[in-house]
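After the sequence you'll find the predicted model.
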Amino acid sequence: MIVDQGYETMEGASGDDWISVAQSMRAYLRFSLLGGIISKQIRRLGYKAKAHTVLDGEVLQPPLLLLSGLGEVSRIGEVILNPFLGPRLKSGVVTTDLPLAHDRPIDFGLQKFCESCNKCARECPSGAITAGPKLMFNGYEIWKSDSQKCATYRITTEGGAMCGRCMKTCPWNLEGLFAEKPFRWAAMNMPSAAPALAKLDDVAGRGGLNPVKKWWWDIELDESGGYHAAKVPANARDLQRDLDLKYEDQTLAVYPANLAPHPWPYPFPMDREAGISAYENLISAKDHRAKSEAGETAHVHKYSGDGTSPVVRVNVSKVENLTADITKYEFTALDESDLPEWSAGAHLDVVVAPEFLRQYSMSGHPIDRKRYQIAVLREDEGRGGSALMHRIFSEGRKVFVSQPINHFPLDETASKTFLMGGGIGITPMVAMAHELHGLGADFQLHYSVPTRAAAGFLEDIQGFEWSENLRLHISDEDTRADLANIFTEPGKDTHVYACGPDAFMSAVVDAAQGAGVPEDNCHIEYFSTPDVPEYENHDFTLKLMKSGREVIVPADKSGTDALADAGIQVPVKCSDGICGVCSCGIVSGEVEHRDFVLSNRERQTKMILCQSRAADPDGVIEIDL
Ligand code: SF4
Ligand code: SF4
Ligand code: FES
């Protein structure tokens, strides 16, 4: 079944604003309702039936839409275009064992039309849609789009959510069955008219913004409970008719089966460099057929994952509040069997929610294979992961955690070991103490906390066999660790491990090295690393090769903005370093590349002006403009 998203609202929207996503979701919901009613009715008739909705679907829909004659594949990529709705649709499926006859696939001339039109490619803000030919991808002949660019744009656009500009701007996004009947007839029956029709649609400004149709306000609810103008204005993109998008200027990546993410609910780092080469290696349907007929197999993409899951599904078996803001969690296998092995210093990546993957050090006993243990400090001013975990991780909940990962291993050959835990940084130290005690090794565990009430692990530690190795330091009881006198007379095999706030770890390392502990024997564990590099902006200069002009780019402006201020227009679409339309050639100068589009090879000769900057403060980059 296909559901019309509605022409009128789309006409007033930009396609990548907030109303567009609401419109898409409304169509999905509409199918959920209709599909639910249809399947219920089929079940009443005595047959099996299931509605596959956006939230609970087991059917890959595009091939089914093609086979059932609901549309043809379009330049947009995996979007099936219907002759009456264009791409402005959402699909849903009901599977049943009720005997049914089905329609045949249709051909209404779209392949020819899309060959003469690349409006969606030109208007796509992320540059995801190819302006080039159809190629073979995973066994299908398709205008393969760069889904990584599209997804990145849809997830990160601040002035809206998701995107549907390709749907909105396509000439087939037609209003009614009758009003545009002549256009539809000509497009379907006169393939040679396709270039003229596509041009006509563009000249008429169809697909542009139409404020007359805008019936909603772009306001948002803020913390005070009031509605205000949105902090980031909603995207209001009009047509970019002057943009001459060329296939040879596009950098596209694809992720065929051999590069596809594993099927587990766990992050999979996309290898864009490999994706770009995979695009370059795509071949035409004709070549594909010839290779297959010659018995070759190298061109066939096969999923190459080895089937090992990086995650384990576990049961939250125990939740214990250690302090007002520290909670200890234990996880067991769903069938109570042994969990994968681990060693002291390891951490787990915990999938708190799909958007919150968090690392927590393991604090249990490494020989205990029945349970994993972590302790989590609730950071109300943090990024939300720990607070959410405190709220939703209750006993009996089934969650995903990674296999244990150890970047902080213990040197078991040490002659003496100092374990230094500051606050919640005690967690890996407890596991290390268990392991060292088991080895009969010489160690001290120093536990530093601001108040006794904050020493969440104190009670546990006092119950362990090695509790006499504990040295407790409580700031407000004046027993703060005297770091200068802890590491007395260290030997060359003395090792120091520190975990806690950055200042604590630096102080420990300084004191240990000051006392003579070799640098290589001082080990620290960071709780988090930034997801994206923290760039610092500096002023720099863009020198234009053709005119010799120099344009200063201040620290608070992008290269494209500074050029626009100087009267030099460079095409811009995403402004985020994704689409690639603002790229230019580098003549000289060192560039700090901050884009997500170019390959390493292209970066040697090109730069993305909306994001990348000079590598050094006050650097000069000469570009081929
Ligand atoms: S970014 Fe927008 S216009 Fe481009 S392919 Fe994705 S949904 Fe379509
Ligand atoms: S905009 Fe043009 S090229 Fe893109 S899907 Fe529509 S008809 Fe095809
Ligand atoms: S405008 Fe898209 S990469 Fe610069």
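Cool, the structure landed. Because the structure is predicted, anything quoted here is derived from the model rather than measured. Ligands and ions are numbered 1, 2, ... in the order given.

show me what contacts the residue lying farthest from the centre of the chain?
Within the chain, residue 489 marks the point farthest from the mean C-alpha position, 49.5 Å out by C-alpha atoms, centre = their mean. Residue 489 makes contact with residue 516 under the criterion C-beta atoms under 8 Å, 6 or more residues apart in numbering. (Each C-beta comes from the backbone N, C-alpha and C, glycine too.)

Quick check: phi and psi at it.
Per-residue torsions, residue 489: phi 40, psi 60 (degrees, to the nearest 10).

all numbers from here: first residue = 55
Renumbered: residue one is now 55, and that last one reads residue 543.

before we move on, what SS does residue 574 have?
Put simply, residue 574 is helix when judged by DSSP: H, G, I helix; E, B strand; the rest coil.

Next, work out how far apart it and ligand 1 are.
In this structure, residue 574 and ligand 1 are 49 Å apart, going by C-beta to the nearest ligand atom, to the nearest Å.

What distance do you get for the residue farthest from the centre of the chain to ligand 1?
Plainly put, residue 543 is 64 Å away from ligand 1 if you go by C-beta to the nearest ligand atom.

just checking, what packs against the lengthiest strand in the chain?
Under DSSP state E, the strand in the chain containing the largest number of residues is strand 365-375. Other elements packing on strand 365-375 under the criterion 3 or more C-beta pairs under 8 Å, 6 or more residues apart in numbering; DSSP states H and E are strand 380-387, strand 425-431, strand 452-456.

nearest to ligand 3, of those?
strand 452-456 (33.2 Å; C-beta to the nearest ligand atom).

Quick one: residues contacting the nearest residue to residue 375 once chain neighbours are set aside.
Nearest residue to residue 375, sequence neighbours excluded (C-beta to C-beta, 6 or more residues apart in numbering): residue 381, at 5.3 Å. With contact set as C-beta under 8 Å, 6+ apart, residue 381 has these partners: 373-375, 429-430, 432, 444, 447.

next one: phi and psi at residue 173?
Torsion angles, degrees, to the nearest 10, at residue 173: phi -60, psi -40.

and it, how many neighbours does it have?
When neighbours are defined as other C-beta atoms under 10 Å, residue 173 has 24 of them.

Do you know the pLDDT at it?
If you check residue 173, the pLDDT there is 95.

again with the one 10 residues further on
As predicted, residue 183 sits at a pLDDT of 98.

What of residue 632?
pLDDT, read off for residue 632, is 88.

Quote the end-to-end distance of stretch 670-679.
Counting by C-alpha to C-alpha, to the nearest Å, you get 21 Å between the two ends of stretch 670-679.

any idea how far residue 411 is from the residue in the stretch 555-679 of the chain positioned nearest to ligand 2?
Closest residue of the stretch 555-679 of the chain to ligand 2, C-beta to the nearest ligand atom: residue 627 (15.6 Å). Distance of residue 627 to residue 411, given as C-beta to C-beta, to the nearest Å: 30 Å.

And for residue 269?
40 Å.

Tell me which of the two has more neighbours.
Neighbours per residue, other C-beta under 10 Å: of residue 269 and residue 411, the larger number sits with residue 411, 16 against 9.

how about that one, what does it touch?
Counted by C-beta under 8 Å, 6+ apart, residue 411 has contacts 320-321, 403-405, 439.

of those residues, buried ones?
Neighbour-count burial (16 or more other C-beta atoms under 10 Å) is assigned, among the contacts of residue 411, to 320, 403-405, 439.

Ligand 2: which of the residues you listed is nearest?
residue 320 (34.3 Å).

you'd agree that closest one is up against residue 365?
Yes. Between residue 320 and residue 365 there is a contact under C-beta atoms under 8 Å: 4.5 Å.

Need the residues touching each of these two.
In terms of C-beta under 8 Å, 6+ apart, residue 320 and residue 365 are both contacted by the residues 405, 454, 456.

Report whether the first one is found in a strand, as I expect.
Yes. Applying three-state DSSP, one finds residue 405 inside a strand.

who are the neighbours in contact with it?
Contacts of residue 405 by C-beta under 8 Å, 6+ apart are 319-320, 365, 411, 453-455.

same question, residue 234
Residue 234 sits in contact with residue 228, where contact means C-beta under 8 Å, 6+ apart.

Return the alpha-carbon coordinates of the helix or strand harbouring residue 565 using CSV.
Counting by DSSP states H and E, the element that carries residue 565 is helix 556-568. The C-alpha atoms that make up helix 556-568 are tabulated as CSV, following Å, rounded to 0.1, in the frame of the first residue of the first chain:
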residue,chain,number,x,y,z
ASP,A,556,41.8,14.7,34.8
ALA,A,557,43.4,16.9,37.5
PHE,A,558,43.6,13.9,39.9
MET,A,559,45.3,11.8,37.3
SER,A,560,47.8,14.5,36.4
ALA,A,561,48.6,15.1,40.0
VAL,A,562,49.2,11.3,40.6
VAL,A,563,51.3,10.9,37.5
ASP,A,564,53.4,14.0,38.4
ALA,A,565,54.0,12.8,41.9
ALA,A,566,54.8,9.2,40.8
GLN,A,567,57.3,10.4,38.2
GLY,A,568,58.7,12.9,40.6
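
Tell me where the stretch 405-554 of the chain has helices.
Using DSSP state H, counting those that start in this stretch, the helices of the stretch 405-554 of the chain run over 439-446, 480-493, 512-516.

element containing the residue positioned nearest the centre of the chain, please.
The structure's the chain has its C-alpha centroid closest to residue 206; by C-alpha atoms, centre = their mean the separation is 6.6 Å. Assigning secondary structure by DSSP H and E places residue 206 in helix 201-210.

and the helix or strand following that helix with ligand 3, contact?
Past helix 201-210, further along toward the C-terminus, the next helix or strand under DSSP H and E is helix 219-223. No. Helix 219-223 does not reach ligand 3 (C-beta under 6 Å from any ligand atom); its nearest approach is 13.7 Å.

Pretty sure residue 479 sits against residue 556.
No. At 10.4 Å, residue 479 does not count as touching residue 556 under the criterion of C-beta under 8 Å.

more crowded one of these two?
Under the criterion of other C-beta under 10 Å, the comparison of residue 479 against residue 556 puts residue 479 first, with 24 against 11.

burial count for the nearest residue to the more buried one once chain neighbours are set aside?
Nearest residue to residue 479 in three dimensions, chain neighbours excluded: residue 554, at 3.0 Å (C-beta to C-beta, 6+ apart). By other C-beta under 10 Å, the residues close to residue 554 number 24.

Now do the phi/psi pair for residue 554.
Dihedral pair for residue 554: phi 150, psi -160, per degrees, to the nearest 10.

Tell me the spacing between it and residue 503.
Applying C-beta to C-beta, the value for residue 554 to residue 503 is 10 Å.
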